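1. sequence unavailable; structure follows:
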């Protein structure tokens, strides 16, 4: 059976390895240390850096495809591998748009896909500052300043509502050398994610569109499918994601994060060309998980069935404890299992730090379960795993 | 998180490792070679023999529990480990009955559980032969001769219908040194399996009782739940298995294989105190898989929900190709995925030999699917993976 290499040893690689086992494979991972979540569990680990071309070459040796659990690999290295005949999936030409928020915004706008108003602040300081001020004057000072590269889970994103504060942050970040863009802050109902897969052959597959709930700038809860979303809007989101993947030549899974505005319109927020937090629900709630699908896509296998297994599945992230926890993770797991025998827990083998994602819980609804009930149980389970404190019902609003 | 060691590097350990990953662990396996199915995919492999006490000690070092993917470990070695404080699960006192078919039959009969008529043929040659003849005269010559130890997948079991043939096989096997028992061949409707789990705390959990279809002496197809089985008989089977596990002090999952006689009665056939072929359907068809449940049990965690996810799930084993296959396994997988996007394939990373189990396929029924349809699809998928030949419908009768 073929070998796939994943660059990065985090939880996404860890869960991709689980899927690889069923397909008769062992996922090879390029990990920084043997304590990385994926390196702990795979028999085929290359230790090295994703910034080092020699390490990337070593990891790619003999693999039929190289893929990623993060967007951090220098594009020039990927182009070098491609020139040497390595099947880089997604290819560098597509991954570029997941790495560079300015290029992504420009390309989306060219393709006529709906995006928030934005401006390029990469010019010299005086020009960029003048553009920034002008943008604020035109669109109002409810804005989002973003680093073009390297942001995730709230890092590299500044939500600003005040002119003076905005200019202070701009001055600091510009001086620190961050390439920046500014976007209008959108008055929105909620955030959605359209998760799809695309194979080199060109086959596409879309899971139901989900609602994502963000806290402290990172994904906290996912409701699958998004409650109350009309079929028309859901299909529009899926078609946008499939079309974009086709236009960019994406291979693998892709998450298109969207805003549903107060007017019910969709705007594209971010793209991720890899398994994504908004797809973790598929591990238990869909016929084909995002991890199996990603492997199928990068191997150019036919894609799997994306049907949901239940009317509602809710995923809640488990975060690292705020302080030294009273109970070990093992004890917390034990107690959660006693309270919720149907909770599907996925732990990443990571050390705890406040707000660090160390696992997630999926609750798959059964007949007659309301969305609110399933959500309440998923959030309570994750809250317990994070804090070893039960709540008597969790405020989900 | 705790480390569990599994003795044996086969497919059962491989799939247990998948479940361990979700619980934040890495399964340690004692494997004969690094090409064993589990050794290919786990980061924690001890190479050695399950017959060597030093190797067993090495594998047990630092583990909170030692468990098994087969019944072949010498009981004296397990008793030695237990004397040294190792948590052997299931304990040697229980495993004894899965290793020794005579002890199992005697114990079941003592407990009043229904078993076929049987006789002990372990005495000296003349006494044993006389008992054999007497058994045949009383019960008729439709009999089953069994080796007391080491049989699996049809090995060590002889189905006999003729006096002369029976005596020939008896003479051969007795001379070869096999400890033997004889049982009456039961006129039966079908075979069933009651799969349960038990924790050291004493918690028990039962999955729905399934129908197993045997071919060439090994499990070929599993229908979950067993079609048309009355609730009363199903509950009787579950209660028998749970009670036996309790009486014997079993820890982990246990399969009780049963005959449903022509009269609708149940008789106990075999026991397995480990994940079992008749439980593979749980990986996709139940809330908690047998592999996760086995880990929960040996760790003395609370057990998981055993509810089925669908009205019918069918598992079909993929066997090694008869001759040099026209297509590689990778190509066969590719084509299966194209034809059945909802088929859940589990491959073991094993080389192909005729009739060797190298994987299985689960088809989880959706609403309106008949049992016959789901079975036909599962058998067709497995047949294709074994032979690279499609059938236009598969005769399931």
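-> Received it, and whenever you're ready, just let me know what you need. Note that the coordinates shown come from a computational prediction; the quantities given were computed from them, not determined experimentally.
2. touching stretch A:218-228 from outside, list them.
-> Applying Cβ atoms under 8 Å, 6 or more residues apart in numbering or on different chains, the contact partners of stretch A:218-228 are A:153-154, A:190, A:192-193, A:207-214, A:234, A:277-278, A:280-282, A:285-286, A:308, A:312-317, A:355, A:357, A:371, A:375, A:378-379. (Each C-beta comes from the backbone N, C-alpha and C, glycine too.)
3. mind checking which of those are in helices?
-> A:234, A:282, A:285, A:371, A:375, A:378-379 (DSSP state H).
4. and these, which two are furthest apart?
-> Taking Cβ to Cβ, the two most distant members of the ones in helices among the contacts of stretch A:218-228 are A:234 and A:379; they sit 23.6 Å apart.
5. of these two, which one has the most company?
-> Neighbours were tallied for residue A:234 and for residue A:379 using other Cβ atoms under 10 Å in any protein chain shown; the higher tally belongs to residue A:379 (23 against 19).
6. how close does that one get to residue B:162?
-> 67 Å (Cβ to Cβ, to the nearest Å).
7. residues contacting residue A:28?
-> Going by Cβ under 8 Å, 6+ apart, residue A:28 touches A:3-6, A:42, A:44-46, A:59, A:63.
8. do residue A:96 as well
-> Contact partners of residue A:96, counting by Cβ under 8 Å, 6+ apart, are A:75, A:103.
9. got it, and the one 4 residues further on?
-> Under the criterion of Cβ under 8 Å, 6+ apart, the contact partners of residue A:100 comprise A:148-149.
10. quick one: buried residues of stretch A:46-60?
-> Applying a neighbour-count criterion of 16 or more other Cβ atoms under 10 Å in any protein chain shown, one finds A:46-48, A:50, A:53, A:55-57, A:59-60 buried in stretch A:46-60.
11. ignore what I typed, I meant stretch A:122-142.
-> Within stretch A:122-142, judged by 16+ other Cβ under 10 Å, the buried ones are A:128-129, A:131-132, A:135-136, A:139, A:141.
12. name the nearest residue to the residue in the stretch 151-300 of chain A that chain B sits nearest to, ignoring sequence neighbours.
-> Residue of the stretch 151-300 of chain A nearest chain B, by Cβ to the nearest Cβ: residue A:287 (5.2 Å). Taking Cβ to Cβ, 6 or more residues apart in numbering or on different chains as the measure, residue A:287 lies nearest to residue A:305, with 4.1 Å between them; neighbours along the chain are not counted.
13. burial count for the residue in the stretch 201-350 of chain A that chain B sits nearest to?
-> Ranking the residues of the stretch 201-350 of chain A by distance to chain B (Cβ to the nearest Cβ) places residue A:347 first, at 3.1 Å. The burial count assigned to residue A:347 is 23, neighbours taken as other Cβ under 10 Å.
14. check what pLDDT it gets.
-> According to the predicted model, the pLDDT of residue A:347 comes to 97.
15. follow-up on the earlier one: would a markdown table of the ones in helices among the contacts of stretch A:218-228 with distance to chain B and pLDDT be doable?
-> Converted to a markdown table, the ones in helices among the contacts of stretch A:218-228 look like this (distance: Cβ to the nearest Cβ, whole Å; pLDDT from 0 to 100):
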| residue | distance to chain B | pLDDT |
| --- | --- | --- |
| A:234 | 20 | 98 |
| A:282 | 13 | 98 |
| A:285 | 10 | 98 |
| A:371 | 19 | 97 |
| A:375 | 18 | 98 |
| A:378 | 14 | 98 |
| A:379 | 19 | 97 |
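16. just the buried ones from the residues you listed?
-> For the ones in helices among the contacts of stretch A:218-228, burial is judged from neighbour counts taken by 16+ other Cβ under 10 Å, and it is met by A:234, A:282, A:285, A:371, A:375, A:378-379.
17. make TSV out of those residues and add distance to residue A:200.
-> Formatted as TSV, these follow (distance: Cβ to Cβ, whole Å):
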residue	distance to residue A:200
A:234	26
A:282	21
A:285	27
A:371	37
A:375	37
A:378	35
A:379	39
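18. of those residues, which is the nearest to residue B:108?
-> Of all these, the one with the least separation from residue B:108 (Cβ to Cβ) is residue A:285, at 41.2 Å.
19. in this structure the closest one contacts residue A:311, no?
-> No - because the distance of 10.0 Å does not satisfy Cβ atoms under 8 Å, residue A:285 is recorded as not touching residue A:311.
20. report the contact partners of residue A:12.
-> Neighbours of residue A:12 in contact, by Cβ under 8 Å, 6+ apart: A:6, A:69-70, A:274-275, A:291.
21. angles on the backbone of the most centrally placed residue in chain A, please.
-> Ranked by distance to the mean C-alpha position of chain A (Cα atoms, centre = their mean), the top residue is residue A:276 at 3.2 Å. Per-residue torsions, residue A:276: phi -140, psi 150 (degrees, to the nearest 10).
22. name the residues linked to the closest residue to residue A:191 other than its chain neighbours by a beta bridge.
-> In space, not counting the residues next to it along the chain, residue A:191 is nearest to residue A:212; the distance is 4.8 Å by Cβ to Cβ, 6+ apart. With beta bridges defined as DSSP bridges, residue A:212 has these partners: residue A:191, residue A:222.
23. what number of residues lie near residue A:212?
-> Here the number of neighbours of residue A:212 (other Cβ under 10 Å) works out to 24.
24. you'd agree it is up against residue A:188?
-> No - using Cβ under 8 Å, residue A:212 is not in contact with residue A:188, being 11.8 Å away.
25. the residue of chain A most remote from its centre: which element?
-> Outermost residue of chain A with respect to the C-alpha centroid, by Cα atoms, centre = their mean, is residue A:126; its distance is 34.6 Å. Here residue A:126 is covered by helix A:125-139, with elements defined by DSSP states H and E.
26. who touches that helix?
-> Here helix A:125-139 has contacts from A:117, A:119-123, A:143, A:163, A:166-167, A:170-171, A:174, A:180, A:182, A:184, using Cβ under 8 Å, 6+ apart.
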